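Undergrad: after the sequence you'll find the predicted model.
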Amino acid sequence: MIISNRLNLGGIQIKILDILSELNNDKNLEPVLVLRKAEGEFLSQVPDRVKIIDLNLGESLFSGIAMIIKLMRVIN
């Protein structure tokens with residue numbers, strides 16, 4: 001599982017895509033990408049087998065807490 005804000009342009013986002021591509025090649029793994037908001041220029045480049053979880057959260061101070069709560073619900 002990889003957690004990120006969005007997949008906008010940036011070096012970290014490119015590395016996330018590289019890692020997801022490698023994980024996608026291993027048929028024994030089920031890669032998951034958790035995004036605060038599923039948007040950005042690189043979203044369409046996520047491999048098809050990668051499950052994307054969109055927490056659909058904003059940028060407020062309390063959204064970090066909301067992200068943790070939503071993520072715990074998704075995992076359980």
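TA: It's in. Numbering: from 1, shown residues only.
Undergrad: for the rest of this, base every contact and every neighbour count on C-alpha atoms.
TA: Fine.
Undergrad: which residues of this structure fall in helices?
TA: Taking DSSP state H to define them, one finds helices in the chain at 11-25, 63-75.
Undergrad: among those, which is nearest Ile53?
TA: Evaluated with CA to CA, the helices of the chain place helix 63-75 nearest to Ile53, the distance being 8.5 Å.
Undergrad: what's the mean pLDDT across that closest one?
TA: Helix 63-75 carries an average pLDDT of 76.
Undergrad: equivalent analysis for stretch 29-43, please.
TA: For stretch 29-43, mean pLDDT rounds to 92.
Undergrad: what's the first-to-last distance across it?
TA: With CA to CA, to the nearest Å as the measure, stretch 29-43 spans 20 Å from end to end.
Undergrad: tell me how far it lies from the chain's centre.
TA: 3 Å (CA atoms, centre = their mean, to the nearest Å).
Undergrad: before we move on, what about stretch 20-28?
TA: With CA atoms, centre = their mean as the basis, stretch 20-28 stands 15 Å off its chain's centre.
Undergrad: mind listing residues that contact that stretch?
TA: With CA atoms under 8 Å, 6 or more residues apart in numbering as the test, stretch 20-28 has contacts from 29-31, 46-47, 49-50.
Undergrad: just stretch 41-48 next, same as before
TA: Here stretch 41-48 makes contact (CA under 8 Å, 6+ apart) with 7-9, 13-14, 17, 20-21, 24.
Undergrad: which of those ranks first by neighbour count?
TA: Greatest neighbour count in these, by other CA atoms under 10 Å, goes to Leu7: 23 neighbours.
Undergrad: contacts only, for it.
TA: Applying CA under 8 Å, 6+ apart, the residues contacting Leu7 are 13, 38-43.
Undergrad: can you select the buried ones from those residues in PyMOL?
TA: Restricted to buried positions by 16 or more other CA atoms under 10 Å, the PyMOL selection for the contacts of Leu7 reads:
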select buried, resi 13+38+42
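Undergrad: which one among the contacts of Leu7 gets closest to Ala66?
TA: Minimum separation from Ala66 among the contacts of Leu7 (CA to CA) is found for Ala38, which lies at 15.7 Å.
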